[in-house]
Structures are given as C-alpha cells and as structure tokens.
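**Student:** quick one, fold the following:
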Amino acid sequence: MLKMMHDFLSRHIATGDLSMIDPSGRLSHYGDGSGPPVTVRLGDPGVARALLFNPEMALGDLYVNGRVKLEQGDIYDLLRVLFTNVPSSVATPPARFFSRLYYSLRRLHQKNSESSSRKNVEKHYDLSAGLYDLFLDEDLQYSCAYFDADTVDLSEAQLAKKRHIAAKLAIKPDHRILDIGSGWGGLGLYLAEATGADVTGLTLSREQHAVSNRRAQDAGLDARVRYLLQDYRQMKGRFDRISSVGMFEHVGVRYYDEYFSRVRNLLTEDGVALVHSIGRSEGPSYTNPWIRQHIFPGGYIPALSEVLPSIERQGLFVCDVEILRLHYAETLKAWRARFEARREEAVHLYDERFARMWEFYLASSESAFRFQGLMVFQVQVSRSQHALPLTRNYIYQKESDLKASGF
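**Tutor:** Coordinates of the predicted model:
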C-alpha cells in the first residue's frame, strides 16, 4: 500500500513542495519544490490503505487521531498542495466506489424532518458559546462575510454583508421581517436598527435562542425584535421581507419544494425574500462524509440547478442572483487565524482531539472554497414582478446611504 501511495503522489503532485515520511522512516519528495514546504509523517502502515480507499473520510480522521502528523507546515498547507494538484475527478477505484455510494445515499443522509432538524442543529450550534467566541467576530456572524477591494478586517466585512443584504431587501420602516435561521441574532438586530422594521427570527438552537433574545433586550430592541425557538415549517402569518442566511444548507434536497412553498406562503403579495447559501459550481453531488459525520449532520451544499427548479415550481419570481466566489475563502482564512491564536482555549473547553477536528474543519472548508468548486449564492425571490426597482442601482445607493448613516 505504501508503494501505491508513493506512485499515486508521484503521478499527481506536479507543483508544490511535499515530503512524506512513511512508518519505516523513509523520506520521499513530490512536486516541483515551489511554495511553502510541507512534510507529513504517516504514523502506521494502515494510514496508506485508509487514504487510498476512502480519502474523503480518512484524512480528517487520521489527522484528528494523530496518525497523520505535520512535521513542517500545517494542515492547510497540506490540503493546498493536495487540492491544487489532485482534482476531485482523480481517485483510486475504491475511492470511486465510496463516492458512488455516498451519492446514492445522499437523500438519506439529508434527512431533515422537523425532529431530525432539531437534533442536527443541536449537534453543531449548541456547542459551547465560548467556542464560537474564539474565532467569530464580535457580532457572532457565522456565515460568509462580504469583502470589497478596501475591506480586509473581518468585522468590517461582516458588517458589509449585513448592509448588502439590507440593501437588497429594500426594507421600509413599516415592514415586518422574518429571519429564517437567525443565528445569534446579529442580522435581525442590524435590520431593525438600520431600517426601523419589525423583526422575528427563527432558530432551532436553544443556545442561539437564549443569546439572541438577551441581545435584543440589552439593545433595547425587544419591542421590535424577538427570536422564536421554532421550525420555519410551523411559522404562521405574512411578512413583507424574509431573510435566510446560512440556513438553506440545512434544508436538504427533498425538502426544497416545501421550503420555497413556505417562503411563498409567508410573503405578502409584494413581499421579497433573500436566500444566502453556500453552493457548488460543479453540479449536484453529496456532502463530504467527514463533514457530515463530525460537523454538519444532515447538511448539504446545493447546486443552483437543484434550487431554481423548486423556486419555479412554487410560482416565485427570481429577481436577482449573485455569486460570491472567494468571499467565504477569505472569511474562513480569518476564522482559522483567530482560532489558531486562541487554540489553547479550545483545548481547555474540550480537548486536543476536538481542537484538531476544528482545525481540519476550518482548513478543509477554506481549501474547498479557494481551490475547488464551492461558492456562495444569494437568490432574491418575490411573489410579484413589480416588487422591486427595474435595475440593481437601488442596491448600491442603499448601501451607500446605510454606510453614510453609520450602519
């Protein structure tokens, strides 16, 4: 198996500077020597077999369990070399088998009934609040930030994201807003403060629910902002605007029609909704098995070709589609740097193994956005052709006005 591993890397690692130390201590070099050097040590003979058979699952587990160690460079450096040299279409026969298996089971893995959704959310979003304090900005924005040419600071980029969403929604002070998947409340509070509108947020996380309502009360906004511990499928009423940021990834393909049906029924006749989600540019696929098992159970990153038909079937008009290509790569880079700076606190909160798991999650996610086919899309939909201005100029004007007003 070690020889097969050596042959595979020799064939495919054309650029970069990768060295591998096998369990016997033998050192092998791959690539053209360009870029930061990376040296990886395989802890035992079984590592090569696991990586050749099921690399999507094995690499994360092997790193977390200490069977793959970085002697030089870090896990992001290793993933950069692998992702830039080995496209997802290149795989050994066993790895191709596992890919076909994961795809065939993808709808089962995306089970997000009301009871399943709550359990899936609890596994990730009800982790210690102290963990998220380690790497998120002060507003606890846990979704893709919005970087422009002059923005490098994470907090500024997250504010720009909220401003961009508010501008797209063309909110008026008398509007009622529904925020589906409201996180720790930051977007809802921003929309209420910046526009004067009334905001209702929905979350399935008990931790987020408590934090969000406390923040609304502390800000003196609890008369106009409230957060409910409730599934979107149980929501009643009509809203002028709906925002959904970083939640659609938890819906699942077989629930898309139901999701957009609920959005349509919750909108007023001239209402507008904005769905902000991670997407994939290479067509329908399956959730990375390591991410599905350890980070986001029930999660799935959709291709637009899977989303737009559901919107059409529910009689909604697509008013605008925007693709944010490398914005999430930059967001994850900032999160990863912040996490590493406070890594020992993560070890204290959980343990060393958890810290390595979170390192791999952040590094592999950044790598996928930077070197593979992941991106973020914002789809704006409405029940009416006449709900918004004819051109996108209103977005840029509103962004400018909000920024000038200090929002």
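
**Student:** doesn't Ala303 make contact with Glu282?
**Tutor:** Yes - using CB atoms under 8 Å, Glu282 makes contact with Ala303 at a distance of 7.4 Å. All C-beta spots, glycine's among them, are computed from the backbone N, C-alpha and C.

**Student:** higher neighbour count, these two?
**Tutor:** Using other CB atoms under 10 Å as the criterion, Glu282 and Ala303 rank with Ala303 on top: 17 against 11.

**Student:** what pLDDT does the more buried one get?
**Tutor:** Looking at Ala303, its pLDDT stands at 96.

**Student:** and for the one 4 residues further on?
**Tutor:** The model reports Val307 with a pLDDT of 98.

**Student:** that's a strand at it, yeah?
**Tutor:** No - applying DSSP: H, G, I helix; E, B strand; the rest coil, one finds Val307 to be helix, outside a strand.

**Student:** show me what contacts it?
**Tutor:** Counting by CB atoms under 8 Å, 6 or more residues apart in numbering, Val307 touches 248, 256, 275, 277, 279, 377, 379.

**Student:** same check, this time on Gly188
**Tutor:** Applying CB under 8 Å, 6+ apart to Gly188 gives the contacts 177, 179, 182, 199-201, 212, 216, 225, 227.

**Student:** and of these, the nearest to Pro309?
**Tutor:** Asp179 (25.3 Å; CB to CB).

**Student:** count the residues that sit near the closest one.
**Tutor:** Residues within reach of Asp179, counting by other CB under 10 Å, total 28.

**Student:** all further residue positions should be reported with the first residue as 27.
**Tutor:** I'll keep to 27 as the first residue from here, and by that count the last item is Asp205.

**Student:** which is the next helix or strand following the one helix or strand it maps to?
**Tutor:** Asp205 is part of strand 202-206, with elements assigned from DSSP states H and E. Note on strand 202-206: by DSSP H and E, the next helix or strand toward the C-terminus is helix 212-221.

**Student:** so what strands line up beside the helix or strand that that following helix is followed by?
**Tutor:** Using DSSP H and E, the helix or strand that follows helix 212-221 in sequence is strand 224-229. Partners of strand 224-229 in the sheet, by DSSP bridges, are strand 202-206 (parallel), strand 251-255 (parallel).

**Student:** where is the longest strand in this structure?
**Tutor:** Longest strand of the chain, by residue count under DSSP state E: strand 293-306.

**Student:** check which helices and strands the helix or strand that that strand is followed by sits against.
**Tutor:** Note on strand 293-306: by DSSP H and E, the next helix or strand toward the C-terminus is helix 315-320. Helices and strands touching helix 315-320, by 3 or more CB pairs under 8 Å, 6 or more residues apart in numbering; DSSP states H and E, are helix 81-90, helix 378-397.

**Student:** which among these is found nearest to Leu105?
**Tutor:** Between Leu105 and the helices and strands packed on helix 315-320, the shortest gap by CB to CB is with helix 378-397, which sits at 4.2 Å.

**Student:** list the strands paired with whichever helix or strand comes after the closest one, with their directions.
**Tutor:** Counting by DSSP H and E, the element after helix 378-397 in chain order, helix or strand, is strand 400-408. In the sheet containing strand 400-408, its partner strands are strand 293-306 (antiparallel), strand 343-350 (antiparallel), by DSSP bridges.

**Student:** winner for burial among these?
**Tutor:** Among those, strand 293-306 has the highest mean neighbour count (mean count of other CB atoms under 10 Å), at a mean of 21.

**Student:** alpha carbons of that strand, in CSV - could you do that?
**Tutor:** Extracted in CSV, the C-alpha atoms of strand 293-306 (Å, rounded to 0.1, in the frame of the first residue of the first chain):
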residue,chain,number,x,y,z
LEU,A,293,-44.7,36.5,2.0
THR,A,294,-47.1,39.3,1.4
GLU,A,295,-48.3,39.8,-2.2
ASP,A,296,-45.4,42.2,-2.9
GLY,A,297,-43.0,40.6,-0.5
VAL,A,298,-39.4,39.8,-1.2
ALA,A,299,-37.1,37.1,0.2
LEU,A,300,-33.3,36.7,0.1
VAL,A,301,-31.7,33.3,0.4
HIS,A,302,-28.0,33.3,1.1
SER,A,303,-26.4,29.9,0.9
ILE,A,304,-23.2,28.0,0.2
GLY,A,305,-23.4,26.4,-3.3
ARG,A,306,-21.4,24.2,-5.6
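
**Student:** quick check: angle from that strand to helix 378-397?
**Tutor:** If you take axes from the mean of the first three to the mean of the last three CA atoms, to 10 degrees, strand 293-306 sits at 100 degrees to helix 378-397.

**Student:** centre of the chain to strand 293-306, how far?
**Tutor:** Here the centre of strand 293-306 is set off from its chain's centre by 17 Å, with CA atoms, centre = their mean, to the nearest Å.

**Student:** likewise stretch 30-38?
**Tutor:** 32 Å.

**Student:** need the pLDDT of Val116.
**Tutor:** 66.

**Student:** element containing the residue lying closest to Arg368 once chain neighbours are set aside?
**Tutor:** Excluding the flanking residues, the one nearest Arg368 by CB to CB, 6 or more residues apart in numbering is Leu160, at 4.5 Å. Using DSSP H and E, Leu160 sits within helix 155-161.

**Student:** what residues of that helix count as buried?
**Tutor:** Within helix 155-161, the residues that count as buried by 16 or more other CB atoms under 10 Å are 157-158, 160-161.

**Student:** what's the closest of those to Ser336?
**Tutor:** Using CB to CB, Tyr158 comes nearest to Ser336 of the buried residues of helix 155-161, at 30.9 Å.

**Student:** what's the neighbour count on the nearest residue to the closest one once chain neighbours are set aside?
**Tutor:** Nearest-residue entry for Tyr158: Leu166, 6.1 Å, with adjacent residues in sequence omitted and distances by CB to CB, 6+ apart. Number of residues near Leu166 (other CB under 10 Å) recorded here: 18.

**Student:** contacting residues around Leu166?
**Tutor:** Counting by CB under 8 Å, 6+ apart, Leu166 has contacts 158-159, 209-212, 237.

**Student:** report the helix or strand with the lowest average pLDDT across the chain.
**Tutor:** Least confident helix or strand, the chain: helix 140-151 with a mean of 75, by mean pLDDT, DSSP states H and E.
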